[in-house]
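Visitor: Just need the structure, nothing else, for what follows:
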Amino acid sequence: MNYNMKGKILVLTVNGGGKADILFKNITITAVLEGGVIEKGGEPHYKLDSFKLKLDPKLIVYDMENIIGGRKDLSDEVNKVLNENWDAFFKETQLEFEEMLDQFFMHYANNVFRYVPV
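Guide: Prediction:
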């Protein structure tokens, strides 16, 4: 995925963007979906009204390119700190990350449900 980030991570000031690889290991995902059935073209279809995920990883490995704009040496060090403190970083970003995934999966699921009747 691609990212843009400006601000602070833990105690580090960051201003960069680029490619990010985030690997979740041994993760438990709880999903709560709410919705119902709607009529479309004379056929019933599912439609989600909400999609809420809760992520509980046992380990996360971050590899974020260019996190300190134009400074690979510092970006490598920030990635090292992130990976050593992955749990603290995840707690800081968990809500926004889960909300991003909620929106993505709800949109994707509703697009599938639009074409597939119950």
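Visitor: Please look at Val116 and Pro44 and confirm they touch.
Guide: No. Look at Val116 against Pro44 with C-beta atoms under 8 Å: they stay out of range, at 10.7 Å. C-beta here means a position set from N, CA and C on the backbone, and glycine is covered the same way.
Visitor: and for stretch 34-52, what are the contacting residues?
Guide: 31-33, 98, 102-103, 105-106, 109-110, 113-114, 116-118 (C-beta atoms under 8 Å, 6 or more residues apart in numbering).
Visitor: Check stretch 16-33 too.
Guide: So stretch 16-33 is contacted by 1-5, 48, 50-70, 75, 109 (C-beta under 8 Å, 6+ apart).
Visitor: Apply 7 Å and report the result again.
Guide: 1-5, 48, 51-69, 75 (C-beta atoms under 7 Å, 6 or more residues apart in numbering).
Visitor: which parts of it are buried?
Guide: 16-17, 20, 22 (16 or more other C-beta atoms under 10 Å).
Visitor: In what element of secondary structure is Pro117 found?
Guide: Here Pro117 sits in a region with no helix or strand, counting by DSSP states H and E.
Visitor: any idea how far the residue nearest the centre of the chain lies from Ile22?
Guide: Nearest to the mean C-alpha position of the chain, counting by C-alpha atoms, centre = their mean, stands Phe97 at 3.8 Å. Distance of Phe97 to Ile22, given as C-beta to C-beta, to the nearest Å: 9 Å.
Visitor: Phe104 now?
Guide: 14 Å.
Visitor: Also Phe113?
Guide: Phe113 is 28 Å from Ile22, by C-beta to C-beta.
Visitor: Now do stretch 65-83, average pLDDT.
Guide: In this model, stretch 65-83 carries a mean pLDDT of 88.
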